[in-house]
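>>> Quick check, what structure comes out for this input:
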Amino acid sequence: MWHVLVPALRRRGARPAVLGVTSTGRHVVRATGDQIADLATGYAAALHRRGLARGDTLALAVRPGPTALAVMLAADRLGLTVAIIDPTVGPDVVRARLAALPPALVVADAVAQAAAGWARPLARRMQLSLPQLAGLGPVVTVGRRLPGCAPRLVPEAGAVPAPVEDDGDAVVIFTSGTTSRPRAVVHTRTSVAAGMRAVTELVQPVAGQPVVGGTFFVLVPALAAGAPVALPARSGRALARQLRMLRPQATYLTPPWLRTVLAASGRFTGRVWTGSAPVSATLLNRVRDAGAAQAWGCTSHCVAASSRPVRRRPGVGVYALTELFPAAAVEATEKAAYTGDGDLVGELLPGVRGRVDDTGQLLLTGPSACDRYLGEPPRRWVATGDVARIDGSRVVLAGRCKDMILRRAENIYPGLYEPALHVPGVDLAVLVGVPGDDGDERLVALVQPEPGADLARVRAALRAPLVRMGTARPDEVHLVSVPLAGRSRKPDRAAAARLAASLATVPTQRRRGR
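Predicted coordinates:
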């Protein structure tokens, strides 16, 4: 990453590389190309002076932006392994994840330390100016330091070792797990580089034209191609103004943020990518109708895409996982024409191979596949957790293994049927199981209408797909807001099941009024 990105940043020189935005939608330069490259070199020198060397683990809890990118580049140059820590999961989970590593150093910004709530308690407990958690290493602050935070990691002008050339662990990404068993994906430098190349080939960013997005997998390909990146505004109205002023070539937002922009009467330009949560064709069509030349659904499991004809290429849906990104892609026209059961996610990309095991679960392997899960031996094949079938090199998903519902001795995979429920006027739909008195499960559909949708028309549009579900037809259908969870705002199926159970106890006449 250092060899590819730092020269690209140097070529930008004093021109803006990362933009921020004010509450009024006015853009400010967060960092130029030279500033990020200088900061990365300074952090590399500071980390080297602290004694961090190849093979050490650095835990990173910093909001996406130029500072986080500079720390990542510094770690890559030194051959460190970066463990991504999300402070919003709560202090107990943060401590458990740190204990699973453990890191030689925790690098956090002030906001992350406040959110995690562990900097100030640790300082009091250890009676140290440098907060430490026994056996887990010290904490340092990058960026602005606030009272109660750890001391700053100051970029230095000292000597820096030559960039590490060979392979090794590059990044650890925690995906799930409890405080007793955190689960994390371990990628090597080789797999990260392969994934970045694949993303770049799909996205094809154009130099000089702005991109709106904030994640690492937006920043690196865009900046490497010479495209400046604007970090998204934090309110719907400001974000709508930002898009109007910038007219970006590409925009990356989660489905909830797309809905927020649409509710603020925002307009889009270029290609719009969305993911990290279920993406319906209805939502993508709304984005396209709001001006996007292409609307791409890109999520870890069920995806969809919609596009107007454009000169460069048609719209594409992308199937990707934390363990292997990207894995498959499908043109919008082909996806729209697909009438079979399940969700067509497309052709496996070059170098990616797939097979289905005895349980029907999809297994994948390829150059961008992770090396292993933390604490486990390397594995050649990634178990996706998705039930699927492979027709030639085309992959069709049927649902998540863990989401299977057992009703009247029939295994029902929600992902096989949920796409059909995304009729016009529907933002989101999930199928959940509710335990019955007889030990069986009742199948309940929670359907979230679009803001302002005509509920009578939504119910009418749902009739045909519900009939086509046959024996998998839900026992109840409720038009409600689907509970979401996490930073990506994915459907919270546990909360959805609790909601469905509570609705089942409501008298019939009251339910009819929903």
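
>>> Could you list the low-confidence segments of the stretch 251-400 of the chain?
By pLDDT under 70, the low-scoring segments of the stretch 251-400 of the chain are 275-282, 295-317, 331-333, 336.

>>> those strands in it, which residues are they?
In order along the chain, the stretch 251-400 of the chain carries the following strands (DSSP state E, counting those that start in this stretch): 271-274, 294-299, 305-307, 316-319, 328-331, 343-348, 353-356, 361-365, 372-373, 382-391, 394-400.

>>> Which other helices and strands does the first one contact?
It stands for strand 271-274. Judged by 3 or more Cβ pairs under 8 Å, 6 or more residues apart in numbering; DSSP states H and E, strand 271-274 is in contact with strand 250-252, helix 255-263, helix 281-289, strand 294-299. All C-beta atoms are positioned from the backbone trio N, CA, C, and that covers glycine.

>>> cool, the shortest one as well?
The contact analysis (3+ Cβ pairs under 8 Å, 6+ apart) places strand 372-373 against strand 182-188.

>>> and the strands of the stretch 251-400 of the chain as a markdown table, adding mean neighbour count?
Output for the strands of the stretch 251-400 of the chain, formatted as a markdown table (neighbours: other Cβ atoms under 10 Å):
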| stretch | mean neighbour count |
| --- | --- |
| strand 271-274 | 26 |
| strand 294-299 | 27 |
| strand 305-307 | 27 |
| strand 316-319 | 28 |
| strand 328-331 | 22 |
| strand 343-348 | 24 |
| strand 353-356 | 16 |
| strand 361-365 | 20 |
| strand 372-373 | 18 |
| strand 382-391 | 19 |
| strand 394-400 | 22 |
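
>>> Switch those over to a markdown table; also include distance to residue 200.
Below are the strands of the stretch 251-400 of the chain laid out as a markdown table (distance: least, Cβ to Cβ, whole Å):
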| stretch | distance to residue 200 |
| --- | --- |
| strand 271-274 | 13 |
| strand 294-299 | 14 |
| strand 305-307 | 19 |
| strand 316-319 | 13 |
| strand 328-331 | 14 |
| strand 343-348 | 18 |
| strand 353-356 | 21 |
| strand 361-365 | 20 |
| strand 372-373 | 25 |
| strand 382-391 | 21 |
| strand 394-400 | 22 |
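
>>> can you tell which of these is closest to residue 229?
When the strands of the stretch 251-400 of the chain are compared by Cβ to Cβ, strand 271-274 sits nearest residue 229, at 13.2 Å.

>>> Give me the distance from that closest one to the chain's centre.
Mean-position distance between strand 271-274 and its chain equals 13 Å (Cα atoms, centre = their mean, to the nearest Å).

>>> Neighbouring strands - and their directions - for that strand?
Each strand paired with strand 271-274, and its direction, by DSSP bridges: strand 250-252 (parallel), strand 294-299 (parallel).

>>> now the helices and strands packed on strand 271-274 as JSON lines including distance to residue 479?
Shown next, in JSON lines, are the helices and strands packed on strand 271-274 (distance: least, Cβ to Cβ, whole Å):
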{"stretch": "strand 250-252", "distance to residue 479": "29"}
{"stretch": "helix 255-263", "distance to residue 479": "16"}
{"stretch": "helix 281-289", "distance to residue 479": "15"}
{"stretch": "strand 294-299", "distance to residue 479": "23"}
